[in-house]
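Visitor: Here is my input, please return the structure:
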Amino acid sequence: QQEQRQQQQQEQRSEATEAEAVTACPCPTETDADGADADAEAADKHAGADGEGAAKKKKKRNKNKKKKKVALPPVPEGSGIDLADGNRAPRFHGLNEGYTCDWMCNKWGQTWPPTQPVASVFADKPAPVGEIQEHGGDFNRHRIGSAELRAMDMLNEETYQKLRLASECHRQVRSWAQSFIKPGIKLADMCELIENKNRELVGEAGLQAGIGFPTGCSLDHVAAHYTPNAGDDTRLEAHNVMKLDFGTQIDGHIIDSAFTVSFDPKWDKLLEASREGTEAGIKAAGIDVRLCDIGEAIQEVVESYEVEINGKLEPVKCCRNLQGHSISPYLIHGGKSVPIVKGGEVTKMDEGEVFAVEVFSSVLGRGYVVEDMECSHYMKNFDAPHVPLRLPAAKRLLTHINKTFGTLPFCRRWLEREDGGSFAVNQNNGKQTRYLGALKNLCDVGLVNAYPPLVDIKGSYIAQYEHTILLRPTCKEVLSRGEDY
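Guide: Next comes the predicted model:
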């Protein structure tokens, strides 16, 4: 009996040991495997559902991010400018039909209003090339297909990129301005908004990048060189014809372009005369083309137009003493002039030069302008000699001009800003006070030139269009061409 009990205890111990081994190292049975497969499938489905949900949430977040509104620039009270009305189409005549001001949003991914500097928009791709045309004259026909000249063209690609970036900045700034220009707005506030947006998009960096020259907004019989001084409360009216002319620059490479704003359809022919005259001048331009031939082509087109005023047809005239000009680095008027009437210079255009082709057409006037009104535009003399200055205030002002503007044009309104015309250079410590005497002294000794407004007779109306062109070895490039004009 004792032996039987010992044998039973031994069998129980062995069974317990086997049970512990099975518990410690379980082997999956067929049923367990099926269950595991089902669990895995459920987990995959759950993960897929989570993935789809996450994708939908991410898409929703991106959609909400796209819809996020960009902060609008502050607008002074009483300016008459409404940036929050959502308008994206020009309210005036003189631009291409069907044109909308927000074209850059879909084309380049820019925000509305535009806030991204053009250098960041095109950080991973080249800046857009302007309109390409063949050089004028039969003697230039070989250029467009010459392999040798194409190789020479590639050597200047770095300069071309700077010009194209400045051009793109000009296009986007003017498109934004075209969305809020309407009757009743204050011109001084309009100019400040345009110039601040110009600084923002070009990436203002003192003389390395910034505004090319002050924003001109000449009205009616005033042809050029008018921008409001401090205290000027002039407003744009529905009967006005306004020439809006501003520039951008990168490393001194200036883009100069202008268009005309008119709300009355009776001035459409006047605007068309100036615009078509500009196109004729661009078409005739080219390497080794004589400047006088361009003027003759422009005059022939402009003076073929008439404007009906009070039932009477009035002839359109060219403003014969206003001209286009060549542009050099940091020098808006580079030395050569492009006439808009026949009989000008026989000087020829040269390869690599940049020109501003602009046409001023006048009706009810003499077609001749003179200096008048209060001066707002100034520019340091590019070839100014060393002149000893006796007035400490003149010395301080000249130092400010040298470091802030160099030989680029400036206006009195900029001197009275907190940054003195450039935040990158002066931060908020550049404001000039009691400077008029010092400015007059600099003009008297020839260090700074004054450029008063240029006017025809009162009661006349003047329109202007302008483009900047580049004479490349193979072709000419209309740098400032846009979807608007």
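Visitor: got the contact list for the residue nearest to R320 when sequence neighbours are not counted?
Guide: Spatially, and ignoring its direct neighbours in sequence, R320 is nearest to V341 (4.6 Å; Cβ to Cβ, 6 or more residues apart in numbering). All C-beta spots, glycine's among them, are computed from the backbone N, C-alpha and C. Residues near V341 by Cβ atoms under 8 Å, 6 or more residues apart in numbering: 295-296, 298-299, 318, 320.
Visitor: wait, is V341 part of a strand?
Guide: No - assignment of V341 by DSSP: H, G, I helix; E, B strand; the rest coil gives coil, placing it outside any strand.
Visitor: tell me the pLDDT at the residue lying closest to P265 once chain neighbours are set aside?
Guide: Spatial nearest neighbour of P265, chain neighbours left out: H93 (6.3 Å); criterion: Cβ to Cβ, 6+ apart. On pLDDT, H93 comes in at 95.
Visitor: One more: G137?
Guide: pLDDT, G137: 88.
Visitor: what about it, how many neighbours?
Guide: Other residues lying near G137 total 16 when counted by other Cβ atoms under 10 Å.
Visitor: ok, now how distant is it from D288?
Guide: 7 Å (Cβ to Cβ, to the nearest Å).
Visitor: again with G184
Guide: In terms of Cβ to Cβ, G184 sits 49 Å off from D288.
Visitor: Name the residue in these two with the higher neighbour count.
Guide: Legend: neighbour count by other Cβ under 10 Å for G184 and D288, higher for D288 (14 against 11).
Visitor: tell me the contacts of the more buried one?
Guide: Contacts here follow Cβ under 8 Å, 6+ apart; on that basis D288 touches 137, 139-140, 348-350.
Visitor: Can you give me the distance of N198 to A280?
Guide: Relative to A280, and taking Cβ to Cβ, N198 is found at 29 Å.
Visitor: the more surrounded of those two?
Guide: N198 (25 against 21).
Visitor: where along the stretch 301-450 of the chain do the helices fall?
Guide: For the stretch 301-450 of the chain, applying DSSP state H, counting those that start in this stretch gives helices covering 392-404, 412-415, 423-426, 436-444.
Visitor: on that earlier part again, can you pick the most crowded of the contacts of D288?
Guide: Going by other Cβ under 10 Å, M349 tops the contacts of D288 with 23 neighbours.
Visitor: From what I see, that residue and A284 are in contact.
Guide: No - look at M349 against A284 with Cβ atoms under 8 Å: they stay out of range, at 10.1 Å.
Visitor: Out of the contacts of D288, the closest to E371 would be?
Guide: M349 (28.5 Å; Cβ to Cβ).
Visitor: which one is that closest one nearest to, not counting chain neighbours?
Guide: Nearest non-adjacent residue to M349 (Cβ to Cβ, 6+ apart): V289, at 5.3 Å.
Visitor: Quick check: bridge partners of the residue lying closest to R275 once chain neighbours are set aside?
Guide: Spatial nearest neighbour of R275, chain neighbours left out: Y465 (4.5 Å); criterion: Cβ to Cβ, 6+ apart. Beta-bridge partners recorded for Y465 (DSSP bridges): V359.
Visitor: What is the burial count for Y465?
Guide: 27.
Visitor: Relative to D124, how far out is it?
Guide: Applying Cβ to Cβ to Y465 and D124 gives a distance of 34 Å.
Visitor: same thing with A463?
Guide: According to Cβ to Cβ, A463 and D124 sit 40 Å apart.
Visitor: for H93, same thing?
Guide: Applying Cβ to Cβ, the value for H93 to D124 is 38 Å.
Visitor: same question, A280
Guide: 38 Å.
Visitor: cool, and T404?
Guide: 32 Å.
Visitor: So between these two, which is more surrounded?
Guide: Neighbour tally, T404 and D124, criterion other Cβ under 10 Å: the higher count belongs to T404, 23 against 6.
Visitor: OK, contacts around that one?
Guide: Counting by Cβ under 8 Å, 6+ apart, T404 has contacts 206, 410, 420-422, 425-426, 430.
Visitor: Q323 contacts P339, doesn't it?
Guide: Yes - using Cβ under 8 Å, Q323 is in contact with P339, at 5.2 Å.
Visitor: re earlier: who wins for most neighbours among the contacts of T404?
Guide: In terms of neighbours by other Cβ under 10 Å, these top out with G421 at 27 neighbours.
Visitor: Please tell me I have it right and that residue contacts R413.
Guide: No - G421 lies out of contact with R413 (Cβ under 8 Å); the separation is 9.0 Å.
Visitor: list the helices and strands the helix or strand hosting G247 packs on?
Guide: Per DSSP states H and E, G247 falls inside strand 241-250. For strand 241-250, the elements it packs on are helix 157-180, helix 187-202, strand 209-219, strand 222-224, strand 253-262, strand 461-471, judged by 3 or more Cβ pairs under 8 Å, 6 or more residues apart in numbering; DSSP states H and E.
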